[in-house]
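Participant: Quick one: sequence and predicted model below, then my questions.
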Amino acid sequence: MSTLLEKHIVELLQERNDKAISLLYEHYGDTLYGVAHKVVRNDNLAQDVVQESFVKIWKKADTYDSSKAKLFTWLFRITRNTAIDKLRSVNTKTDKEIQMDVSDVYNLGVDSIKPEFMDVRDNLDKIEGKYQIVLEALFFQGMTQQEASDELDIPLGTIKSRLKIGLRELKKIYDPAIILLTFVLNVL
């Protein structure tokens, strides 16, 4: 691509002229699709990545600095980063779906005692709120500890501590003979 055409595209982008996107797509679309496809290895995802990349390019047009990088390098980085983000997003969703399907939160080896048959939920309000939130996320929403950490914006170590303390507090409410809580507490 000629330097003159590249400058023209940059000017159009920075002026927010729609023609810039058409020119970008015409001259870089296939190559950026190739970049995206190399990362995500899926036609539909690659198309999504290119579309999201063009939106980002449009929004970030005023941040492009020709003294720092050539236009293609800037476009490449945006597309590659978008593809990596898309891949992470898809993998995270897939991991969460798998974890929900094979979650062993309720399957602790004690088939006769299950939280949904006990009044655990009713007694959650008897413990401190910070422990309630963690127990609710882990046992009644089926989240893993990492998912609860991400969702609640609480460090993973704090989730583990609050789970352990919350279970200990619940254990005080119930008769210590309740095997489930003792078992879960000892597993952690």
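Facilitator: Structure's in. What do you need? Numbers count the residues shown, from 1 in each chain.
Participant: contacts and neighbour counts: CA atoms only from here.
Facilitator: Will do.
Participant: tell me the SS of I154?
Facilitator: What DSSP: H, G, I helix; E, B strand; the rest coil gives for I154 is coil.
Participant: Show the pLDDT at it.
Facilitator: Note on I154: pLDDT of 89.
Participant: Phi first, then psi, for it.
Facilitator: phi -120, psi 140 (degrees, to the nearest 10).
Participant: the strands in this protein, which residues?
Facilitator: Using DSSP state E, no strands are found in the chain.
Participant: Okay, now the unreliable bits of it?
Facilitator: Scanning the chain for pLDDT under 70 picks out 1, 92-121, 174-188.
Participant: So it: which segments form each domain?
Facilitator: Residue ranges for each domain of the chain read 3-102, 115-187, as given by automatic domain parsing.
Participant: now those as TSV including mean neighbour count?
Facilitator: Formatted as TSV, those follow (neighbours: other CA atoms under 10 Å):
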stretch	mean neighbour count
domain 3-102	16
domain 115-187	15
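Participant: Excluding sequence neighbours, find me the nearest residue to L23.
Facilitator: Among residues not flanking L23 along the chain, I9 sits closest, at 6.9 Å (CA to CA, 6 or more residues apart in numbering).
Participant: And stretch 80-95, how far out from the chain middle?
Facilitator: Centre-to-centre, stretch 80-95 and its host chain are 8 Å apart (CA atoms, centre = their mean, to the nearest Å).
Participant: Only alpha carbons, please: show it as PDB.
Facilitator: Output in PDB follows, covering the C-alpha atoms of stretch 80-95 (Å, rounded to 0.1, in the frame of the first residue of the first chain):
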ATOM      1  CA  ARG A  80      -4.800  -9.500  17.300                       C
ATOM      2  CA  ASN A  81      -5.700  -8.300  20.800                       C
ATOM      3  CA  THR A  82      -9.400  -8.400  20.000                       C
ATOM      4  CA  ALA A  83      -9.000 -12.000  18.700                       C
ATOM      5  CA  ILE A  84      -7.100 -13.000  21.900                       C
ATOM      6  CA  ASP A  85      -9.800 -11.400  24.000                       C
ATOM      7  CA  LYS A  86     -12.500 -13.200  22.000                       C
ATOM      8  CA  LEU A  87     -10.800 -16.500  22.400                       C
ATOM      9  CA  ARG A  88     -10.400 -16.000  26.200                       C
ATOM     10  CA  SER A  89     -14.100 -15.000  26.400                       C
ATOM     11  CA  VAL A  90     -15.200 -18.100  24.500                       C
ATOM     12  CA  ASN A  91     -12.900 -20.400  26.500                       C
ATOM     13  CA  THR A  92     -14.200 -18.900  29.800                       C
ATOM     14  CA  LYS A  93     -17.800 -19.400  28.800                       C
ATOM     15  CA  THR A  94     -17.100 -23.000  27.700                       C
ATOM     16  CA  ASP A  95     -15.200 -23.700  31.000                       C
END
